[in-house]
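1. The sequence and its predicted three-dimensional model are supplied below.
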Amino acid sequence: MKHCLVLLVIAMLALVSFVNVHQGYAQENKDFQKRFEWWPTDANPGPVKDEVRSGRWWWPKQPGQVKPWGNRGYIYVKGGDGTKPSESKLEEAKKAKELERAKKARELEEARKAKEEAKKAKAEEATRIKKAKDLEEANRAKAEEAARIKKAKDLEEARKAKELEEAARIKKAQDLEEARKAKELEEAARIKKAQELKEAQLAQKKDKKTEIHDAIVSDKGNVLLVSDFSSRTKGEFGTWENDPKDETQFCRMEIDNTLDRFSKPDYFVRLNYDVDSPRPAFNGFWMKLYDLDLTPYEYVSFLVKGENKFTTQLKVEIKNKKGERVVYFISGITPEWQRVVVALDKLKKVNSITDWTKMIEFVMVFDDILATEKAGTICIDDLNFAKFGWEKAERSVR
């Protein structure tokens, strides 16, 4: 019994070994067939059977249509019938090859298109980048140009502002210089007026003939009446102002009348003056003499009085056609009519007038230095020139 069991075990072990070996050969053959699944091909010349070794020798020289070089370096292959593929196989292989070629062509075309698309995309990206860069450079250039223009504009404005500032400084300096000169001239004029007034007052004290007289008794042939401001005398006269734009200084004239001793209207000129101004102020009254020859006459005479507030002194000027003038100061004016008599020989001794044959104007002046009252009213009448025969008489009061 034991012997049977041993034999059975040995038989089973042998069977298992045989099965394993057979399976090993089958697996090896399967692996070998997989490695040579390309065998056979249609390459020429085809395989040659080895009658002794039951294998096949193969050395193709021309490529086939299915697989160009079929042996892949193997010159002897064991097993297989070595027959070439059938027509159907060749057709299938050809179609497969064409399909493979078409697929490869498609893949190549797709690759080419993809490459072109990539190239195009790259070019577009490069163009976009270049465009963005150009735009950025253009914007930077534009900004730089704008900055340059603004800088130039700022420099120009600064230059103009500097020029205006310099012009303003120069003008201010000129204005200050002009103001200084004007002040000096004004001061010189004030000093000159004060000196002339002082000299005239001293001269009046020495010469009694130039004081205010009460009245005149004279032959008509010896007296030249310039104007008594009535309807029977004609003449050109009026008022003047140094600065008409300065409303704080003025001289305004009106014709008024009163009854004389015969109860008839007697006309005279009323002068309302104002020299109370922060600026240099002077104005007055003028009367034309029409190239009058004063060489035959010894005196100039007129009536004068003040009303309400008035200056007690003023200045008289006589001018010739050459523009020369002689100045005389009158003082002692009262609210009553008085006649002012000025000796012409004394005025001629001043030598400020070289020609007395063509006298053109008689002027009365109110100024802010001489006036004892800077705003008031002065009345005048009967302006005339006389040769001789002046005598004092009773004061004539209207």
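-> Noted; the coordinates are in hand.
2. What is the longest helix seen in the chain packed up against?
-> Longest helix of the chain, by residue count under DSSP state H: helix 87-206. Counting contacts by 3 or more C-beta pairs under 8 Å, 6 or more residues apart in numbering; DSSP states H and E, helix 87-206 packs against strand 325-331. C-beta coordinates here come from the backbone N, C-alpha and C atoms, glycine included.
3. what pLDDT, on average, does whichever helix or strand comes after the strand it packs on get?
-> Remark: after strand 325-331, the chain's next helix or strand is strand 338-343, criterion DSSP states H and E. On average, the pLDDT along strand 338-343 is 91.
4. Check which helices and strands strand 338-343 sits against.
-> Counting contacts by 3+ C-beta pairs under 8 Å, 6+ apart, strand 338-343 is packed against strand 212-213, strand 299-307.
5. List the buried residues in the following helix or strand past it.
-> Next helix or strand after strand 338-343 toward the C-terminus (DSSP H and E): helix 344-349. Neighbour counts over helix 344-349 (16 or more other C-beta atoms under 10 Å) mark 344, 346-347 as buried.
6. Repeat that for stretch 229-249.
-> Using 16+ other C-beta under 10 Å as the test for burial, stretch 229-249 gives 229-230, 237, 239, 241-242, 249.
7. where are the low-confidence patches of the stretch 201-350 of the chain?
-> 201-221, 231-234, 259-265 (pLDDT under 70).
8. ok, now with 90
-> Filtered on pLDDT under 90, the stretch 201-350 of the chain yields the residue ranges 201-236, 243-244, 255-267, 279-280, 343-350.
9. try the stretch 1-150 of the chain
-> Ranges of the stretch 1-150 of the chain meeting pLDDT under 90: 1-127, 130.
10. Just say which of the helices and strands packed on strand 338-343 is most tucked in.
-> Stretch with highest mean neighbour count among the helices and strands packed on strand 338-343: strand 299-307 (a mean of 21; mean count of other C-beta atoms under 10 Å).
11. Would you tell me what the next helix or strand after that one is?
-> Next along from strand 299-307, by DSSP H and E: strand 313-320.
12. What helices and strands are in contact with that following strand?
-> strand 325-331, strand 359-367.
13. Pull out the buried residues from the longest one.
-> If you call a residue buried by 16+ other C-beta under 10 Å, then strand 359-367 has these buried ones: 359, 361-367.
14. now swap in stretch 375-388 and tell me
-> Those would be 375-386, for stretch 375-388 by 16+ other C-beta under 10 Å.
15. Just those: which are in strands?
-> Per DSSP state E, strands hold the following members of these: 375-386.
16. If we only consider those, which is nearest to residue 272?
-> Looking at those and their distance to residue 272, the nearest is residue 377, at 5.2 Å (C-beta to C-beta).
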